[in-house]
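*Asks:* Sequence plus predicted model, see below.
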Amino acid sequence: MRHVLRKRREAARARQERLQRLRRDDRTLLDRLYGTPYEDVAFPPPRPLDDAEAVEILGFALRLGRALFLAGAETRRIESSVVAVTAAWGMGSQEVDINARSIQVQYAPEGRRPVVMLKVMGSEDSRDLDRLAALERLTTHAASGRLTREAAAGALDRIETGTSRWPWWFGLGGGAVLAAMLCVLASGTVRAALVSPLVFLLADRGAWALSRGGLPSFFVTVAQTVLLLVAVTGLTAAGGLSHAEAASVIAANVILLLPIFTIISLTEDAIDGFRSMAAGRAVSLLAFFTALGCGFLAVGFLLRGADADARSTALVPLPVVLSLLTSAIGALGNTVFMGGGPRIVPPAVTTAVLGAGVKLACVDAFGWSAPLATGLATVVMGLAAAVLSPRTGIPVRAFVIPGIAGGVLPGPDLYRSLLQWLLHVEGAGAYLVSTMASVAAIGIGVVFGTLLGTGAERRWRYRSTGTGTGAGPSRTAGGTVPAAGEPERDAGAR
């Protein structure tokens with residue numbers, strides 16, 4: 001009898017230890033997904049997986065992570081997507097490491113040999129807003145248990161092999177529209193706004209031809225800058241453009257050269273703790289600005305005669321209605337240029353007008369400095385995007401990114417500061433630092449606004465549904481919120 005009681009006590013102790021271990025693993029999973037769209041998903045308990053099944057799950061997770069990266073997802077979203085999908089299929093003790101060149105996943109439960117897999121990520125300049133939205137819908141459906149592994153793999157195949165929403169020439173047309181609108185925002189005339197798209201197409205196709213020949217991206221940026229400056233100064237010398245019009249055309253096209261994704265992602269990664277990714281993006285951004293400076297230096301002799309204009313060229317305020325209209329049209333063109341479909345256009349345009357309006361109010365009505373006005377404008381844009389994204393099923397980046405170029409990027413200031421530095425104008429260094437501060441404020445503002453919006457949306461959700469207190473996520477079954485108006489059959493749709 002005593003032997004039987006001892007056996008029962010040992011079994012009860014073993015069950016308690018196993019339950020505590022499961023709770024500890026679950027708490028770790030909650031911590032890793034807190035603040036992400038998957039924080040309320042009721043994941044099944046981890047189960048033992050053999051090597052073949054673990055390899056299959058990790059292989060899908062790697063493919064999904066790489067596809068999200070190439071579509072333009074932020075690093076935090078990539079990590080949470082990989083963790084959520086693997087947890088939904090019964091995997092515990094998974095680890096994810098994302099660096100500047102690759103993504104690595106590991107399955108290493110206690111008492112068995114680890115399974116480690118790695119995939120090289122690819123170019124960080126890639127972006128496709130429509131593909132990004134499809135991938136995030138797929139992840140939401142897979143994480144909530146509405147897709148089997150086979151169905152999820154098939155949906156991912158269709159997304160990866162599917163063609164872009166727009167043919168290349170139509171997307172390029174969107175960039176040309178953006179170039180025209182940016183020229184207007186940079187105080188360009190109608191003639192300059194007509195020339196700006198042509199200069200954009202020339203520089204873009206020239207860069208494409210050079211990259212096809214295997215030329216490194218650094219020299220492609222140098223050549224693109226040189227081509228832009230030579231074309232505009234040639235038109236000016238021929239009498240086709242005035243010096244002021246030339247300045248607005250160059251300023252508009254310099255904005256289009258800026259790596260907006262890298263600027264914002266660098267700030268996000270640094271704040272979220274992805275140090276290696278942030279360091280890699282910082283090197284890329286430094287290389288870009290170095291290449292841009294080299295391009296200006298290479299043809300600086302052509303700009304010597306623009307000294308007087310360089311001192312006076314500034315963003316002449318347009319009427320408020322016209323400024324907002326051009327920002328909206330620019331966001332429309334940028335959405336198409338970045339592969340966004342018709343469903344993404346309305347929120348992108350609305351966010352662009354909102355950001356442009358806030359910046360105009362801060363500068364004109366309150367007399368704020370450009371970096372401060374830019375920072376507040378992007379905070380508002382990020383907050384609005386984070387609140388509306390769960391309700392529309394459209395990624396936060398699809399709200400914010402298209403509108404940044406048209407509404408808040410300091411393109412004219414960047415052009416003028418570089419030109420004054422090239423011409424050794426007094427105070428050019430301080431002006432360049434101020435312009436770079438405005439660029440940095442974009443990333444900081446978007447991240448901070450997104451955090452505020454995510455927190456507000458979470459508190460509203462818990463209060464309205466009664467599923468939590470706001471101190472932590474609820475684990476009710478089926479707790480994930482699907483994309484508004486998105487039926488399950490759309491998981492892999494483009």
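*Replies:* Right, received. Where do you want to start?
*Asks:* what's the following helix or strand after the worst-scoring helix or strand of the chain on mean pLDDT?
*Replies:* None of the helices or strands of the chain scores lower by mean pLDDT, DSSP states H and E than helix 307-312, at a mean of 48. Once the chain leaves helix 307-312, the next helix or strand it forms, by DSSP states H and E, is helix 320-337.
*Asks:* packing partners for that next one?
*Replies:* The contact analysis (3 or more C-beta pairs under 8 Å, 6 or more residues apart in numbering; DSSP states H and E) places helix 320-337 against helix 168-185, helix 345-360, helix 396-407. C-betas here are computed from N, CA, C, even on glycine.
*Asks:* now the last one against helix 345-360, angle please.
*Replies:* Counting by axes from the mean of the first three to the mean of the last three C-alpha atoms, to 10 degrees, helix 396-407 lies at 50 degrees to helix 345-360.
*Asks:* Off-centre distance for helix 396-407?
*Replies:* Counting by C-alpha atoms, centre = their mean, to the nearest Å, helix 396-407 is centred 9 Å from the centre of its parent chain.
*Asks:* Report all helices and strands that it contacts.
*Replies:* Against helix 396-407 (3+ C-beta pairs under 8 Å, 6+ apart) you get helix 129-143, helix 168-185, helix 260-272, helix 320-337, helix 345-360, helix 370-392, helix 428-465.
*Asks:* Now with 6 Å, please.
*Replies:* helix 320-337, helix 345-360, helix 370-392 (3 or more C-beta pairs under 6 Å, 6 or more residues apart in numbering; DSSP states H and E).
*Asks:* can you list contacts of the last one?
*Replies:* Read it as helix 370-392. 351, 355, 358-359, 362-363, 396, 399-400, 408, 437-438, 441-442, 445-446, 448-450, 452-454, 457, 481, 484 (C-beta atoms under 6 Å, 6 or more residues apart in numbering).
*Asks:* In which helix or strand does the closest residue in space to Ala298 that isn't next to it in sequence reside?
*Replies:* Nearest residue to Ala298, sequence neighbours excluded (C-beta to C-beta, 6 or more residues apart in numbering): Val226, at 5.3 Å. Here Val226 sits within helix 217-237, counting by DSSP H and E.
*Asks:* in that helix, what's buried?
*Replies:* Neighbour counts over helix 217-237 (16 or more other C-beta atoms under 10 Å) mark 217, 220-233, 235-236 as buried.
*Asks:* for Pro342, phi and psi?
*Replies:* Main-chain torsions, Pro342, degrees, to the nearest 10: phi -60, psi -30.
*Asks:* hang on, the earlier thing: and the contacts of helix 370-392, which are buried?
*Replies:* 351, 355, 358-359, 362-363, 396, 399-400, 408, 437-438, 441-442, 445-446, 448-450, 452-454, 457, 481.
*Asks:* Only C-alpha atoms, please: export stretch 456-463 in CSV.
*Replies:* Provided in CSV are the C-alpha atoms of stretch 456-463 (Å, rounded to 0.1, in the frame of the first residue of the first chain):
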residue,chain,number,x,y,z
ALA,A,456,-4.6,52.2,-28.1
GLU,A,457,-6.1,49.5,-30.4
ARG,A,458,-5.3,46.8,-27.8
ARG,A,459,-6.9,48.7,-25.0
TRP,A,460,-10.0,49.4,-27.0
ARG,A,461,-10.2,45.7,-28.0
TYR,A,462,-10.0,44.4,-24.5
ARG,A,463,-12.5,46.9,-23.2
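*Asks:* Can you mark which positions in it are buried?
*Replies:* So for stretch 456-463, counting by 16+ other C-beta under 10 Å, buried means 457-458, 461-462.
*Asks:* ok but Glu39 is inside a helix, no?
*Replies:* No - in this structure, Glu39 is coil, not part of a helix, as judged by DSSP: H, G, I helix; E, B strand; the rest coil.
*Asks:* To what extent is it buried, counted in neighbours?
*Replies:* Using other C-beta atoms under 10 Å, Glu39 is surrounded by 22 other residues.
*Asks:* repeat for Pro45
*Replies:* 10.
*Asks:* cool, and the one 5 residues further on?
*Replies:* The number of residues packed around Asp50, counting by other C-beta under 10 Å, is 9.
*Asks:* same deal with Glu79?
*Replies:* 23.
*Asks:* and what of Leu185?
*Replies:* Neighbour number of Leu185 under other C-beta under 10 Å is 27.
*Asks:* Contacts only, for it.
*Replies:* Counted by C-beta under 6 Å, 6+ apart, Leu185 has contacts Thr326.
*Asks:* any idea how far it lies from Ala356?
*Replies:* Counting by C-beta to C-beta, to the nearest Å, the gap from Leu185 to Ala356 is 9 Å.
*Asks:* How about Asn334?
*Replies:* Distance from Asn334 to Ala356, by C-beta to C-beta: 13 Å.
*Asks:* residues in contact with Arg76?
*Replies:* Contacts for Arg76 (C-beta under 6 Å, 6+ apart) come out as Asp272.
*Asks:* Now the helix or strand containing it: average pLDDT?
*Replies:* Arg76 is part of helix 75-88 when elements are defined by DSSP H and E. When pLDDT is averaged along helix 75-88, the result is 92.
*Asks:* List the buried residues for that helix?
*Replies:* 75-88.
*Asks:* Same check on stretch 360-377?
*Replies:* Result for stretch 360-377 [16+ other C-beta under 10 Å]: buried residues 360, 362-363, 368, 370-377.
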